[in-house]
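**Q** I would like the atomic coordinates for the input below:
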Amino acid sequence: MRSYTGLSQPEIVVGLDLGTTKVSAVVGEVDSDGITILGVGNVPCRGLRKGVVSNIEWTVRAIREAIDAAQTMAGVEISTVYAGVAGSHIRSHMSDGVCAISGREVMSSDLDRVLEGARAIPVDADRMILHALPREYIVDTQDGIRDPIGMSGVRLQVRVNLVTAATSCVQNVIRCVERCNLHVADVVLEPLASSEAVLSEDEKEIGVAVIDMGGGTTDLLVYADGGIAHTSVIPAGGNNVTSDVAAGLRTPMGEAERLKRNYGCALGRMISDDEEIEVPGVGGHSPRRVARRVLSDIIEPRVEEIFSEARRRIEDAGLLDQVASGAVLTGGSVLMEGMVECAEEILGMPVRLGFPVGMKGIVQLVQGPQYATGVGLVQYGALQLAQAAARGEYEEYYEEPSQPEPAEVRVRRHKGGFWGWLKDAF
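**A** Coordinates of the predicted model:
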């Protein structure tokens, strides 16, 4: 369990996972000994489509209900959250930054300058830079450096993975949260948070792919040589499987979701031929019994399509040979029987389910892969607070602006601790 030695007193950190099918709020108390889970709020949500807000009122209602449930369970008042963002509008690409080292020794100010240089690239007017994730630093001619602080040299260079998002999508997330009288401390890429909750340091070092399969999208994040080498979003997820089941079995969407959860299997050969399920009819038609293999035959092609696309994107990034430790599946949709076996066949690598780790308290509430993002957001926020406290900037960190600010300013306002978090995490 990671310690947060910069904190002199316990602090409450809340992660808000805005998913296509649900909104989850995870409340954690952070002190120098780690994170204690105090409460969880989890409610269905129909206000988002493929990770993007499509109905403000429905999303606000779901956020308010999730926060109320989490507050009641934890016995604390929530005023600030770390919000997750995902969706097919997310893009990433590599960028380089370079600067002269002042004083012949690398200091934190040099890191700030070189990272700002990497961010100083043309971006479309309707997009904003969400994260600049360092992959490696180069001091003079020495490359492969994770933390150059204290090293001697005259020239500092960094290679980063720039993650951009549609400004309007980020603004809508912030607007929904603020309409619930909450302050957004930061907006975080959801697969980045999920990876923090489910990965070990050894996996990051050896190379690993995180596949976060939600209801509307499947998020992909790849670590190589200890750093984040690739991020992307596949615009398909568990809802697509449910739609296929509803159409293939001619049953309502709600019943299709129930059948998928209770009897679905991503690999048909794992099912015996004599197993049967009862399928409710549509429009007054009577239920009928069909072989469970029929359900699997509908599910398997869609799951294979998603994993095949994930493999193609890893190959296109030139990282397939660098993912030595395999893939980790997380998200609510990976709980279906046969998902690990199907992924191993398609990806051609070892695969395991990712469960949140590194916590204490009532951890049984967040043990499933569906809570990886919420727990990761709490861990992200805890590291930011610890870094801000260590620099003596905690009051400034949580200070809210007196005047309204553009979305990008609000998102980047408290990024001071982000680079410390990256150095500590990677």
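**Q** can you pull the buried residues of stretch 52-67?
**A** By 16 or more other CB atoms under 10 Å, the buried positions in stretch 52-67 come out as Val52, Val53, Thr59, Val60, Arg61, Ala62, Ile63, Arg64, Glu65, Ala66, Ile67. For every residue, glycine as well, the C-beta is placed using N, CA and C.
**Q** Near the nearest residue to Ala327 once chain neighbours are set aside, how many other residues are there?
**A** For Ala327, ignoring the flanking residues on the chain, the nearest one in space by CB to CB, 6 or more residues apart in numbering is Ala209 at 4.4 Å. Burial measure for Ala209: 30 neighbouring residues, criterion other CB atoms under 10 Å.
**Q** show me what contacts Ala209?
**A** Each residue near Ala209 by CB atoms under 8 Å, 6 or more residues apart in numbering is listed here: 220-223, 310, 314, 319, 323, 326-328, 347, 349.
**Q** switch the cut-off to 7 Å
**A** Applying CB atoms under 7 Å, 6 or more residues apart in numbering to Ala209 gives the contacts Leu220, Val222, Ile314, Val323, Ala327.
**Q** so what strands line up beside the host helix or strand of it?
**A** Remark: Ala209 resides in strand 208-213, with elements defined by DSSP states H and E. Strand 208-213 has its sheet partners listed here by DSSP bridges as strand 218-224 (antiparallel), strand 327-330 (parallel).
**Q** Would you mind listing the buried residues in that strand?
**A** Of the residues in strand 208-213, Val208, Ala209, Val210, Ile211, Asp212, Met213 count as buried by neighbour count, 16+ other CB under 10 Å.
**Q** try stretch 182-198
**A** So for stretch 182-198, counting by 16+ other CB under 10 Å, buried means 182, 184-198.
**Q** before we move on, back to that, so of the buried residues of stretch 52-67, which ones are in strands?
**A** Among these, the members falling in strands are Val52, Val53 (criterion: DSSP state E).
**Q** circling back to that earlier point, and the strands paired with strand 208-213, which is most packed in?
**A** When neighbours are counted by mean count of other CB atoms under 10 Å, the highest per-stretch mean among the strands paired with strand 208-213 falls to strand 327-330, a mean of 28.
**Q** Going C-terminal from that one, what's the next secondary structure element?
**A** With elements assigned by DSSP H and E, the helix or strand that comes after strand 327-330 is helix 339-347.
**Q** Pull up the pairing partners for the helix or strand immediately after that next one in the chain, direction included.
**A** Beyond helix 339-347 on the C-terminal side, the first helix or strand identified by DSSP H and E is strand 351-353. Listed by DSSP bridges, the sheet partners of strand 351-353 and their directions read strand 327-330 (parallel).
**Q** so how far is the strand it pairs with from its chain's centroid?
**A** The chain centroid and the centroid of strand 327-330 are separated by 12 Å, computed with CA atoms, centre = their mean, to the nearest Å.
**Q** again, but for stretch 32-47
**A** 14 Å.
**Q** And that stretch, what's buried?
**A** Of the residues in stretch 32-47, those with enough neighbours to count as buried (16+ other CB under 10 Å) are Gly34, Ile35, Thr36, Ile37, Leu38, Gly39, Val40, Gly41, Asn42, Val43, Cys45, Gly47.
**Q** any chance of those in TSV, plus secondary structure?
**A** Converted to TSV, the buried residues of stretch 32-47 look like this (DSSP: H, G, I helix; E, B strand; the rest coil):
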residue	secondary structure
Gly34	strand
Ile35	strand
Thr36	strand
Ile37	strand
Leu38	strand
Gly39	strand
Val40	strand
Gly41	strand
Asn42	strand
Val43	strand
Cys45	coil
Gly47	coil
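**Q** ok, of those residues, which one's closest to Ala236?
**A** Of all the buried residues of stretch 32-47, Ala236 sits closest to Cys45, with 18.7 Å by CB to CB.
**Q** give the contact list for Gly150.
**A** If you count contacts by CB under 7 Å, 6+ apart, Gly150 has them with Glu105, Val106.
**Q** Report the secondary structure state of it.
**A** With three-state DSSP as the basis, Gly150 sits in coil.
**Q** picking that back up, and the strands paired with strand 208-213, which one is worst for confidence?
**A** Of all the strands paired with strand 208-213, the segment with the smallest mean pLDDT is strand 218-224, scoring a mean of 91.
**Q** Can you give the distance of it from its chain's centre?
**A** 10 Å.
**Q** and for it, what are the contacting residues?
**A** 86, 190-192, 195, 204, 207-212, 228-234, 236-237, 306, 310, 313-314, 317, 319, 322-323.
**Q** How about stretch 103-113?
**A** Contacts of stretch 103-113 from elsewhere in the structure, counted by CB under 7 Å, 6+ apart, are 99, 101-102, 139, 148-154, 156, 419.
**Q** any idea which helix is longest in the chain?
**A** helix 292-316 (DSSP state H).
**Q** which of the residues in it are buried?
**A** Neighbour-count burial for helix 292-316 flags 292-296, 298-300, 302-304, 306-307, 309-311, 313-314 (criterion: 16+ other CB under 10 Å).
**Q** quick revisit: gap between the residue nearest to Ala327 and Gly331?
**A** Here Ala209 is placed at a distance of 13 Å from Gly331 (CB to CB, to the nearest Å).
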